[in-house]
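Engineer: compute the structure for the input listed below.
(chains A and B, ligands or ions: 2)
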Amino acid sequence: MDLEQFAVILSIGLFNGLIVALVAIGYTLVYGIIELINFAHGDVFMLGTLLTYFGLVAILPGFGVEASLISALALIPFIMVITAVINASIERVAYRPLRNAPRLAPLISAIGMSFILQNVGIILLGPSPKAVPSVLPNDPLIVMPGGRTLISLNEVVVGAVTIPLLLALAYFVTSTRQGKAMRATAQDREAAGLMGINVNRTISQTFLIGGALAGAAGFVVALFLGQAWWFFGFPFGLLAFTSAVLGGIGNITGAALGGIVLGLVKSISDFYIEARWTNVIVFSILIIVLVFRPTGLLGAKQAEGA
Amino acid sequence: MLELHDVHAYYGNIHALKGVSLTVDEGEVVTLIGSNGAGKSTTLKTISGLLRPRLGEVRFEDGVLNAVPPHQIVSLGISQSPEGRRVFPRMTVAENLEMGAFQRTADATLQEDFKRVYRLFPRLEERRSQRAGTLSGGEQQMLAIGRALMAKPRLLLLDEPSMGLAPVLVELIFDIIRTINQQGTTILLVEQNALMALGVAGRGYILQTGQIVLADSADRLRQNDDVRKAYLGG
Ligand SMILES: Nc1ncnc2c1ncn2[C@@H]1O[C@H](COP(=O)(O)OP(=O)(O)OP(=O)(O)O)[C@@H](O)[C@H]1O
Ligand SMILES: [Mg+2]
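Structural biologist: Numbers count the residues shown, from 1 in each chain, chains lettered A, B, ... in the order given. Ligands and ions are numbered 1, 2, ... in the order given. Next up, the predicted model:
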């Protein structure tokens, strides 16, 4: 076995995993607070890739700015705000009215929202993937003795976007007033109301955060893969949802770790098996976890943010 | 201070409160007694805004609460320690107390209130970094009451604070209820332990299948034959 090659694959998997973690947290946060699997979440992530594409090919040139790494990075806050607002609006129109309905109703509503967003993607991007201008420097940063690149600059950009967001989220959830309100609402919504916590606002805020993280992940993927595609929500959503289940759905730390594990699984499968089998493998993991350990490896809702 | 006027509340089609009227005046301890399913918790939920009266009115100090959301009711000065404690199991004792004070972060007296709760319940101070879900039942009850106090309520609603506690602890909880009242908080106390409840309360209401069937001073309720038979074990 070629060890250097294996090291490269692990490194790719790790950076992929950081991106998956951002999306997985969105599934887990929402499930934690309203016990709904937000099927539209992967598509909100897809909108992040879409917005990145239009930001680079239309918005920046429209302002006379050349698409570069720096100008692309300046798009992140805007993309995050837009996907945050979209995600919170989805909750407002599609889930909140059904909050006291049987559980199947919001689930179907979520699948409907997913279709709607995918169609928005098709209308705006067309049916096939669009090439995103390449602004990421691909220079090698750490080269191994055998000559292979272990870490390149574009991966550093991935880390520089994802890691601070993950840390900021951990800080928010464990140490801020609103973050604690979010955990309290997830643990007992009615009691949270009795504490003076505005439950509806807290739920909206949870969708805002999940949407913002998905938008950032979409940005990173669009640059890293150099593509924006209406269909991205499915493979990434599947990876991320599986990560959330693996880590114990509702458990934030679990979702982040699950994301990294699934990122590694994906890169190993892509390389040693074949990319077209990766979704099958991910689905198999999902089913195996659901059958044999439905609370996930860390146990559901065990350590929210802790 | 608090007035319920002909309040009707429903769970779907279940008519849980069928015209409940009661008042609580400033400084009082009033108890609401009734057997299982009588509608005691439902009455408190309706006051806290978790349930909306379909008919009738809930008034608190000249304002009508019927359509006010729960979190605003807390900031108006009503907090509740709900039935079954309902502490946040995966948050620490201190975080639970902090959540109790959620409406009043800007308040400089917050630290004072932590101290006040820890004085009432020294056990909570020892356990402040422990997750609430790992506390004993009695400790969780103390936490639920302490947490409701952190809102600095003028009216405190207590739903069965003695449920499932050993007799010594029941005594302790009722002593603390008396102390809280003496420190100036008005209390509406729901209890199945009618004997203890009528011991701290000045007045009481007897609730039966969603209706108030008797209202009197605690002393007279204790003497009442029907009450003795139904709620005081003879
Ligand atoms: N969430 C609910 N959904 C449907 N019915 C309910 C609900 N909660 C309570 N009820 C019904 O409303 C009635 C009053 O219930 P409530 O909880 O107020 O009784 P309670 O007096 O507090 O009883 P306990 O002493 O057992 O706590 C009961 O018949 C109960 O079955
Ligand atoms: Mg009750």
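
Engineer: now whatever residue of the stretch 151-300 of chain A ends up closest to ligand 2: closest residue in space, sequence neighbours ignored.
Structural biologist: Nearest residue of the stretch 151-300 of chain A to ligand 2: A:E190, at 13.4 Å (Cβ to the ion). For glycine as for every other residue, the C-beta is placed from the backbone atoms N, C-alpha and C. In this structure, A:E190 finds its nearest non-sequential neighbour in B:L50, 6.0 Å apart by Cβ to Cβ, 6 or more residues apart in numbering or on different chains.

Engineer: does the one you found sit in a helix, a strand or a coil?
Structural biologist: State at B:L50, reduced to three classes by DSSP: H, G, I helix; E, B strand; the rest coil: coil.

Engineer: which ones are touching the residue of the stretch 151-300 of chain A closest to ligand 2?
Structural biologist: By Cβ atoms under 8 Å, 6 or more residues apart in numbering or on different chains, the residues touching A:E190 are B:50, B:82, B:86.

Engineer: give me the distance between the first one and ligand 1.
Structural biologist: Meaning B:L50. As judged by Cβ to the nearest ligand atom, to the nearest Å, B:L50 and ligand 1 stand 10 Å apart.

Engineer: tally up the residues packed near that residue, please.
Structural biologist: 19 (other Cβ atoms under 10 Å in any protein chain shown).

Engineer: right, and it touches B:H71 too?
Structural biologist: No. Judged on Cβ atoms under 8 Å, B:L50 makes no contact with B:H71 at a distance of 10.9 Å.

Engineer: any shared contact partners between the two?
Structural biologist: A:G193.

Engineer: ok, what's across the strand from the residue sitting nearest the centre point of chain B?
Structural biologist: In chain B, the centroid-proximal residue (Cα atoms, centre = their mean) is B:L158; its distance is 1.5 Å. Beta-bridge partners recorded for B:L158 (DSSP bridges): B:S81, B:L189.

Engineer: against chain A, how distant is it?
Structural biologist: 12 Å (Cβ to the nearest Cβ, to the nearest Å).

Engineer: and that residue, what does it touch?
Structural biologist: Taking Cβ under 8 Å, 6+ apart, one finds B:80-81, B:145, B:148, B:177, B:187-190 in contact with B:L158.

Engineer: avg pLDDT for stretch B:29-46?
Structural biologist: The pLDDT scores in stretch B:29-46 average 95.

Engineer: is ligand 1 within reach of it?
Structural biologist: Yes. Applying Cβ under 6 Å from any ligand atom, one finds that stretch B:29-46 is in contact with ligand 1 at B:34, B:36-42.

Engineer: pick out the most distant pair among these.
Structural biologist: Spatially, the most separated pair among the residues of stretch B:29-46 next to ligand 1 is B:N36 and B:T42, at 12.1 Å (Cβ to Cβ).

Engineer: these two: which has the busier surroundings?
Structural biologist: B:T42 (22 against 6).

Engineer: which element follows whichever strand or helix holds the more buried one toward the C-terminus?
Structural biologist: Assessed by DSSP states H and E, B:T42 sits inside helix B:40-48. Going down the chain from helix B:40-48, the next helix or strand is strand B:55-60, by DSSP H and E.

Engineer: and the residue nearest to B:G39 when sequence neighbours are not counted, how many neighbours?
Structural biologist: Distances taken as Cβ to Cβ, 6+ apart place B:G210 nearest to B:G39, at 4.5 Å, with adjacent residues excluded. As a burial measure, B:G210 scores 21 neighbours (other Cβ under 10 Å).

Engineer: phi, psi for B:G210 please.
Structural biologist: Note on B:G210: its backbone torsions stand at phi 80, psi 10 [degrees, to the nearest 10].

Engineer: just to check, it is in contact with B:K18?
Structural biologist: Yes. Counting by Cβ under 8 Å, B:K18 is a contact partner of B:G210 at 4.0 Å.

Engineer: quick one on the thing from earlier: the residue of the stretch 151-300 of chain A closest to ligand 2: which element?
Structural biologist: A:E190 belongs to helix A:189-194, assigned by DSSP H and E.

Engineer: give me the distance from that helix to the chain's centre.
Structural biologist: 29 Å (Cα atoms, centre = their mean, to the nearest Å).

Engineer: dump stretch B:163-178 to CSV, restricted to CA.
Structural biologist: C-alpha atoms of stretch B:163-178 as CSV (Å, rounded to 0.1, in the frame of the first residue of the first chain):
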residue,chain,number,x,y,z
MET,B,163,-44.8,15.3,44.7
GLY,B,164,-42.7,12.2,45.2
LEU,B,165,-40.7,13.6,48.1
ALA,B,166,-39.9,12.0,51.4
PRO,B,167,-41.8,13.4,54.4
VAL,B,168,-38.7,15.3,55.7
LEU,B,169,-38.2,17.0,52.4
VAL,B,170,-41.9,17.8,52.2
GLU,B,171,-41.6,19.6,55.5
LEU,B,172,-38.5,21.5,54.2
ILE,B,173,-40.2,22.5,50.9
PHE,B,174,-43.2,23.8,52.8
ASP,B,175,-41.0,25.8,55.2
ILE,B,176,-39.3,27.3,52.2
ILE,B,177,-42.6,28.2,50.6
ARG,B,178,-43.5,30.0,53.8
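
Engineer: give the buried residues for that stretch.
Structural biologist: B:163, B:165, B:169-170, B:172-174, B:176-177 (16 or more other Cβ atoms under 10 Å in any protein chain shown).

Engineer: got these as CSV, with pLDDT columns?
Structural biologist: As requested, the buried residues of stretch B:163-178 are exported to CSV (pLDDT from 0 to 100):
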residue, pLDDT
B:M163, 88
B:L165, 87
B:L169, 89
B:V170, 92
B:L172, 91
B:I173, 92
B:F174, 94
B:I176, 93
B:I177, 95
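
Engineer: what's the closest of the residues you listed to chain A?
Structural biologist: Using Cβ to the nearest Cβ, B:M163 comes nearest to chain A of the buried residues of stretch B:163-178, at 16.0 Å.
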